[in-house]
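1. Everything below, folded, please.
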Amino acid sequence: MWTLILPAAVAAALAGYTGGLLGVVALRLRLSALGYAMAHAAFAGAALGLLLGISPLALALTFSLVVAALLGPISERTGLPTDTVLALLFPLTMALGFLFLALTPGLPLTSPALTLLWGSLLGVAWSDVAALAGVALLASAFLLLFRREVWATLVERRLAEEAGIPARAILWALLFLLGAGVAAALRLVGGLLVYALLFLPSSAAAQLTFELRRQFLFAPLLGMVSALGGLALSFFANLPVGTAIALTACGFFLVSWALSPRKRLALPGPLERGPGQ
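-> Numbering: from 1, shown residues only. The predicted structure is shown next:
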């Protein structure tokens, strides 16, 4: 049994860590559509792999990384905000995915392309763990080595560019890492719910602290706990792993919202102020 559970547990911890870490970036850049776009780009790639007889996972990763790499240049060339470009790519990749599936003869419901939509506890192999570990190390190293440039780009991109910081290159690199993180977590969490690991732990961390540095510390921890807790819930309650992880992450977000110091910092109304205030 442990030969099946151990890779999934390690993959869950790595997916939660990476999702929480990169989720702070996505939340700060207001890229709420990123999880949808990347997941469906990977779905389209996996469906094309089935049609062509190529590894679905390999093409899923390729499609996600290509979309992530093109986001910045497309936004710059067209003058459209990044979230608008994502909103355009989402239905396009979704339509392509279903088109490739429709053209694939005799497609079973348990095909690798379809399991990428909802995740699989038993489908995680050590190769998936290695991919997640590589993305986690790459993201951690980039955020650590270029922490000042990343901070400046996330806080105020225009001022960062005026200060001589290559904010455009930093932004494109962050988008590429986000795409890689989503693609690497697809096998475990599934494309329909992978955004839960991006935005729920980071949103929970933002409820607990205002400081960006602490959010980068809290979000990966919350992501790991959510992913491992969801994995345990999936195993004992016989639930789909992606669903269980999303429910667990939602629970942690609600707890963090209830404990949030933001609720205690509301300004008093006019009737609550003393004389002369």
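2. tally of neighbours for Leu200?
-> 27 (other C-beta atoms under 10 Å). In this view, the C-beta of every residue, glycine as well, is placed from N, C-alpha and C.
3. so it sits right up against Gly251, yeah?
-> No. If you go by C-beta atoms under 8 Å, Leu200 and Gly251 don't touch, sitting 9.3 Å apart.
4. Where do the helices of the stretch 1-150 of the chain begin and end?
-> Counting by DSSP state H, counting those that start in this stretch, one finds helices in the stretch 1-150 of the chain at the ranges 2-28, 34-52, 56-78, 82-103, 112-118, 126-145, 147-155.
5. ok, back up a step: who touches both of Leu200 and Gly251?
-> Common contacts of Leu200 and Gly251 (C-beta atoms under 8 Å, 6 or more residues apart in numbering): none found.
6. which stretch of helix or strand covers the residue lying closest to Glu76 once chain neighbours are set aside?
-> Nearest non-adjacent residue to Glu76, counting by C-beta to C-beta, 6 or more residues apart in numbering: Arg168, 7.2 Å away. Using DSSP states H and E, Arg168 falls within helix 167-189.
7. what angle separates that helix from helix 34-52?
-> In terms of direction (axes from the mean of the first three to the mean of the last three C-alpha atoms, to 10 degrees), helix 167-189 departs from helix 34-52 by 60 degrees.
8. let's have the chain start at 372 instead
-> OK, 372 is where the count begins now, so the last one is helix 538-560.
9. what bits of the protein have low per-residue confidence?
-> Across the chain, the ranges flagged by pLDDT under 70 are 372-373, 403-407, 458, 477-489, 492-493, 562-563, 634-648.
10. which residue is nearest the middle of it?
-> Taking C-alpha atoms, centre = their mean, the centroid of the chain lies closest to Leu569, which sits 3.5 Å from it.
11. what about stretch 543-554, distance to the chain center?
-> Computed by C-alpha atoms, centre = their mean, to the nearest Å, the chain-centroid distance of stretch 543-554 equals 9 Å.
12. from what I can see Ile445 touches Val456, true?
-> Yes. Counting by C-beta under 8 Å, Ile445 does reach Val456; the two are 5.3 Å apart.
13. quick one, which of the two is more surrounded?
-> Between Ile445 and Val456, counted using other C-beta under 10 Å, Val456 has the larger neighbour count: 20 against 17.
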